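> fold the following.
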Amino acid sequence: MTHDLVSALHPLLTAEAAAEAYAAGGEPGDLEQAVWLRLLERLEEEGPPPDPQGWLRRAVRAEARRSRRTTRLERPYGTEPADDLRRGPEQLALSAARYRDLWDAVRRLPGRCPGLVAALLSPRDPTYREIAGELGISQGSLGPERSRCLGCLRRLLAPEVASR
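Okay, here's the model as predicted:
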């Protein structure tokens, strides 16, 4: 039973982890491993979930959010002067310029892309369900729409990145 469940969920977990991991600042394999561990713990305590695919998607998103929070809170030890995390005026100015370039490119995107990319970049980290509700589109079309919008954004930013 457990082997069948693991075999059935493996392709879905691989795809979900690949989609979420880089946005979370991690590796897909690490995210997969964390979700497998959660599944095994759940199987021991409660048995298999009633909706394994839905449970797996929620678990991947939860682990990705946890990974983002952990990454955001981790700080390296500052033992060397070069490790000083304070940025000088030059780094702040360059960072602000990159931020302005990004948002200028987002505003130039076609169709619903500006709203979608703005929602994806939102500091409140909305779920796909929340984004779909805000934009008035189906949750299933968000992935393909996101890929198309990010491709457009990549093409818009490519000349600006190359000129730097």
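
> and Tyr77, what pLDDT?
Tyr77 is assigned 65 on the pLDDT scale.

> do Arg155 as well
Model confidence at Arg155 (pLDDT) stands at 91.

> same question, Pro11
For Pro11, the pLDDT comes out at 90.

> got the phi and psi for it?
Torsion angles at Pro11 (phi, psi; degrees, to the nearest 10) stand at phi -60, psi -40.

> what about it, distance to Ala18?
11 Å (Cβ to Cβ, to the nearest Å). No exception for glycine: its C-beta is placed from N, CA and C like everyone else's.

> same check, this time on Gly88
From Gly88 to Ala18 the distance is 37 Å (Cβ to Cβ).

> and for Gly111?
26 Å.

> more crowded one of these two?
Ala18 (15 against 11; other Cβ atoms under 10 Å).

> any idea what sits nearest the more buried one, other than its immediate chain neighbours?
Pro28 (4.6 Å; Cβ to Cβ, 6 or more residues apart in numbering).

> any idea how many residues pack against the one you found?
19.

> repeat that for the one 5 residues further on.
Counted with other Cβ under 10 Å, the burial measure for Gln33 works out to 13 neighbours.

> quick one: secondary structure of Arg86?
coil (DSSP: H, G, I helix; E, B strand; the rest coil).

> burial measure for it, as a count.
Around Arg86 there are 7 residues (other Cβ under 10 Å).

> what's the distance between it and Leu92?
Taking Cβ to Cβ, one finds Arg86 at 10 Å from Leu92.

> same check, this time on Leu43
For Leu43 relative to Leu92 (Cβ to Cβ), the value is 49 Å.
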